[in-house]
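1. below: sequence and its predicted model.
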Amino acid sequence: MSKRYNPDVDVPEYKGRYAPYDILKEGTIALVVVLILVLGLAITFGSPDDKAITLQTWSKADPVDFATTAFNELNGTSAVAGYGPPYNTNGTSQHFGFISPAKWLGVHIPINTARDFVVTPLESQPASPTLSRALSQWTAATSATQTSWLSAYSNVSSKASFTGDQLVVPAAKDGPVPVMINTLTQMARSGALDQALETSKGFYTTDFTKPLLFLSDGTYFAGLAQKGHLLGTQWGMMNETDSYPGQAWLWLYTFWYQVSPFNTSTSADFLVWGLMMILTAVLVLVPFIPGVRSIPRRIKLYRLIWREHYRDL
Amino acid sequence: MSSTVDRQWTTRLRKRVEGTLPPEKLLPDTQPAYVASWIYVFGVLTLVAMAEVIGTGVILAIFGPQWWHVSSLGHFINSLHLWGVEVFFFAMIVHLWGKFAMAAWRGGRSLTWVTGAVTFLASILTAFTGYLSQTNFDSQWISTQAKDGINSTGGGAIFNVLNFGQMLMWHIVLMPLVLVALVGFHVILVRIKGVVPPIVENPEVGQ
């Protein structure tokens, strides 16, 4: 018994006419057309190149925001400090029910923001009596004492200002914290903090994880992105700076972040990725999914594509 | 002697290739008459746009990732690279949905569809790592945003979008190798199986 014919899977043997077809000529013409098109677009529009920002750029443009972020790194209250895997164990990994691959895989890029972003860079500075004393005081203190200093600084940090090239905060029982934050701010403004973070693994480096994480914790970086309509709430992942077309093919991925329940979920990234993986599997496996593979036959766009063929029947 | 030669791996491979993909299939000079629509152009447009992107990418690679920031010629080559990518994706997506509308997996062409869809996904990853390799504000912002999605899947443990060196290697070495292999396999499958015929609801009626 022969297999039943399925129009979504099978094709009858083609016994119709054949026409001359010069595959090399078609390829050559296509190449010339694409080259002319791309050349025209490149000459007319060019390409964007907004300069990368540095910790120096940031701390010079908005020293108070930098100092506030630096304090949050020391205090363990920044986004990265409480991120969770793969950076640390301080945060809750994104999950769906009991499914949490990030938690299962654990910490692979260990980041201790107080140590990596504040204390170690300060220790790399040329010794000055004030800084040496502050660092000695910090490292010798108990955890409880450090917490009390951080708490005291936290109470006055909202009144911080930057005047006379110095970070000024109201007096409080905050031990060495003001000296540490002020020195780190001066270090950033000189460019030394960029160097310290970039070369923390040695002279040759191509890994910018630490400075990028530090940058992302401040509001200055996000403010620049907002001006360039690059925030997640602005369909940012598919946008390019200066209104150039970006990764428009990511529109569906970006779309989910704009709608409920994803735009309010604390596990939005994991949920969107999970959904996109399911949709991607559907795309790849279309030929094997009954119903989905029938869609072309239902929408009948093929009648337009092969209109001459059907007309000649 | 001849039986010894016939049993050689080389001989068997050659005969297998000759049987599966004879020259008239590899470089056909005729096509079924139904291959008469503009939609067919987008497959070859995707291929030549990819060639343009690889060509301009090679020039950028010769001079290094910072060159285009300091050279007007480098910036122009980068513009050609960027717009080549945009044309590549436009052509590829039209090609993809055109093939969907034609149910192009029919007649034993499922693997052709699967390789095409996987190529689309690989292209997205290639372009994404390219955006991360620009060494400018855009790559800084995209990397810090994208890390959350990738980290949430656990992928951040091995694929660190904030590590410029890793992303550059993926963009200029690993993904081009994967893409060229996928596209080559896809095109060979198209040549072996031929262009899918029009949909026939009832083979006894003919349409």
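-> Now that the structure is in, tell me what you want to look at. Residues are numbered from 1 along each chain as shown, chains lettered A, B, ... in the order given.
2. could I get the buried residue list for the helix-or-strand element of chain B with minimal mean pLDDT?
-> When the helices and strands of chain B are scored by mean pLDDT, DSSP states H and E, helix B:2-7 comes last with a mean of 86. Residues of helix B:2-7 classed as buried by neighbour count (16 or more other C-beta atoms under 10 Å in any protein chain shown): none. C-betas here are computed from N, CA, C, even on glycine.
3. only alpha carbons, please: show that helix as PDB.
-> Extracted in PDB, the C-alpha atoms of helix B:2-7 (Å, rounded to 0.1, in the frame of the first residue of the first chain):
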ATOM      1  CA  SER B   2      40.500  -2.700 -10.300                       C
ATOM      2  CA  SER B   3      38.600  -4.200  -7.300                       C
ATOM      3  CA  THR B   4      41.400  -2.900  -5.000                       C
ATOM      4  CA  VAL B   5      41.000   0.600  -6.500                       C
ATOM      5  CA  ASP B   6      37.200   0.300  -6.200                       C
ATOM      6  CA  ARG B   7      37.500  -0.400  -2.500                       C
END
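4. list the buried residues of the next helix or strand after it.
-> Using DSSP states H and E, the helix or strand that follows helix B:2-7 in sequence is helix B:9-20. When burial is assessed from 16+ other C-beta under 10 Å, helix B:9-20 yields no buried residues.
5. centre of the chain versus helix B:9-20, how much separation?
-> A distance of 26 Å separates the centroid of the chain from that of helix B:9-20, by C-alpha atoms, centre = their mean, to the nearest Å.
6. right, is the following helix or strand past it up against chain A?
-> Going down the chain from helix B:9-20, the next helix or strand is helix B:23-26, by DSSP H and E. No - figure legend: helix B:23-26 not in contact with chain A (C-beta under 8 Å from any C-beta of the partner chain); closest approach 9.4 Å.
7. which elements pack onto helix B:23-26?
-> On a contact count with 3 or more C-beta pairs under 8 Å, 6 or more residues apart in numbering or on different chains; DSSP states H and E, helix B:23-26 meets helix B:175-193.
8. doesn't B:Ile124 make contact with A:Trp249?
-> Yes - assessed by C-beta atoms under 8 Å, A:Trp249 is found in contact with B:Ile124 at 6.2 Å.
9. in chain B, which spans are helices?
-> Counting by DSSP state H, chain B has helices at residues B:2-7, B:9-20, B:23-26, B:41-63, B:67-70, B:72-101, B:110-132, B:137-152, B:164-169, B:175-193.
10. report all helices and strands that the longest one contacts.
-> The one in question is helix B:72-101. Judged by 3+ C-beta pairs under 8 Å, 6+ apart, helix B:72-101 is in contact with helix A:23-45, helix A:295-299, helix A:302-305, helix B:41-63, helix B:67-70, helix B:110-132.
11. can you tell me which of the ones you listed is nearest to A:Ser154?
-> Proximity to A:Ser154 (C-beta to C-beta) singles out helix B:110-132 among those, at 35.2 Å.
12. buried ones in the closest one, by neighbour count?
-> For helix B:110-132, by 16+ other C-beta under 10 Å, it's B:110, B:112-120, B:122-132.
13. ok, and of these, which contact chain A?
-> Counting by C-beta under 8 Å from any C-beta, B:Ser110, B:Trp113, B:Val114, B:Ala117, B:Val118, B:Phe120, B:Ile124, B:Ala127, B:Phe128, B:Tyr131 from the buried residues of helix B:110-132 sit close to chain A.
14. show the contacting residues for the first one.
-> Meaning B:Ser110. A:Pro287, A:Phe288 (C-beta atoms under 8 Å, 6 or more residues apart in numbering or on different chains).
15. how about a cut-off of 6 Å?
-> Neighbour list for B:Ser110: A:Pro287 [criterion: C-beta atoms under 6 Å, 6 or more residues apart in numbering or on different chains].
16. for B:Leu189, see how far away it is.
-> 10 Å (C-beta to C-beta, to the nearest Å).
17. and what of the fourth one?
-> Using C-beta to C-beta, we find B:Ala117 at a distance of 13 Å from B:Leu189.
18. dump the residue contacts of the residue nearest to A:Asn182 when sequence neighbours are not counted.
-> Once flanking residues are discounted, A:Asn182 sits nearest to A:Leu167: 4.3 Å by C-beta to C-beta, 6 or more residues apart in numbering or on different chains. Residues counted as contacts of A:Leu167 (C-beta under 6 Å, 6+ apart) are A:Ala67, A:Asn182, A:Thr185.
19. quick one: neighbours of the last one, just the number.
-> When counting by other C-beta atoms under 10 Å in any protein chain shown, one arrives at 24 neighbours for A:Thr185.
20. so who does it touch?
-> A:Thr185 makes contacts with A:Ser59, A:Pro63, A:Phe66, A:Ala67, A:Leu167, as judged by C-beta under 6 Å, 6+ apart.
21. the fourth one looks like it's in a strand, true?
-> No - secondary structure of A:Ala67, determined by DSSP: H, G, I helix; E, B strand; the rest coil: helix, with no strand assignment.
22. contacting residues for it?
-> Counting by C-beta under 6 Å, 6+ apart, A:Ala67 touches A:Leu167, A:Ile181, A:Thr185.
23. looking at those residues, spot the one nearest A:Ile43.
-> Taking the contacts of A:Ala67 together and measuring to A:Ile43 by C-beta to C-beta, the closest member is A:Thr185, at 44.7 Å.
24. and the pLDDT at the closest one?
-> If you check A:Thr185, the pLDDT there is 97.
25. next one: it from A:Pro290, what distance?
-> Taken as C-beta to C-beta, the span from A:Thr185 to A:Pro290 is 64 Å.
26. please apply the same query to B:Val173.
-> Remark: distance between B:Val173 and A:Pro290 (C-beta to C-beta) = 40 Å.
27. same question, A:Thr54
-> For A:Thr54 relative to A:Pro290 (C-beta to C-beta), the value is 56 Å.
28. ok, for A:Val272, nearest residue in space, not its chain neighbours?
-> The shortest distance from A:Val272 to any non-neighbouring residue, by C-beta to C-beta, 6+ apart, is to A:Trp256 (4.5 Å).
29. equivalent analysis for A:Lys201, please.
-> Per C-beta to C-beta, 6+ apart, closest to A:Lys201 is A:Asp207, 6.5 Å.
30. count the neighbours of that neighbour for me.
-> Neighbours of A:Asp207 (other C-beta under 10 Å): 17.
31. okay but it is in contact with B:Gln166, surely?
-> No - between A:Asp207 and B:Gln166 there is no contact, the gap being 7.6 Å when judged by C-beta atoms under 6 Å.
32. and the closest residue to B:Lys193 other than its chain neighbours, what's its pLDDT?
-> Excluding its sequence neighbours, the residue lying closest to B:Lys193 (C-beta to C-beta, 6+ apart) is B:Arg109, at 5.1 Å. On the pLDDT scale, B:Arg109 is placed at 98.
33. and B:Arg109, how far from A:Ser267?
-> For B:Arg109 relative to A:Ser267 (C-beta to C-beta), the value is 39 Å.
34. counting neighbours, go ahead and name the busier of those two.
-> The neighbour comparison of B:Arg109 against A:Ser267 (other C-beta under 10 Å) goes to B:Arg109, with 23 against 20.
35. surely the more buried one and B:Ile192 touch.
-> No - at 9.6 Å, B:Arg109 and B:Ile192 do not qualify as touching, with contact defined as C-beta under 6 Å.
36. so what's the closest residue to chain A within chain B up against?
-> For chain B, the residue closest to chain A is B:Gly165, as judged by C-beta to the nearest C-beta, at 2.7 Å. The contact partners of B:Gly165, by C-beta under 6 Å, 6+ apart, come to A:Thr206.
37. please redo it, this time with the cut-off set to 7 Å
-> Contacts for B:Gly165 (C-beta atoms under 7 Å, 6 or more residues apart in numbering or on different chains) come out as A:Thr206, A:Asp207.
38. relative to B:Val35, how far out is it?
-> From B:Gly165 over to B:Val35 (counting by C-beta to C-beta), the distance is 46 Å.
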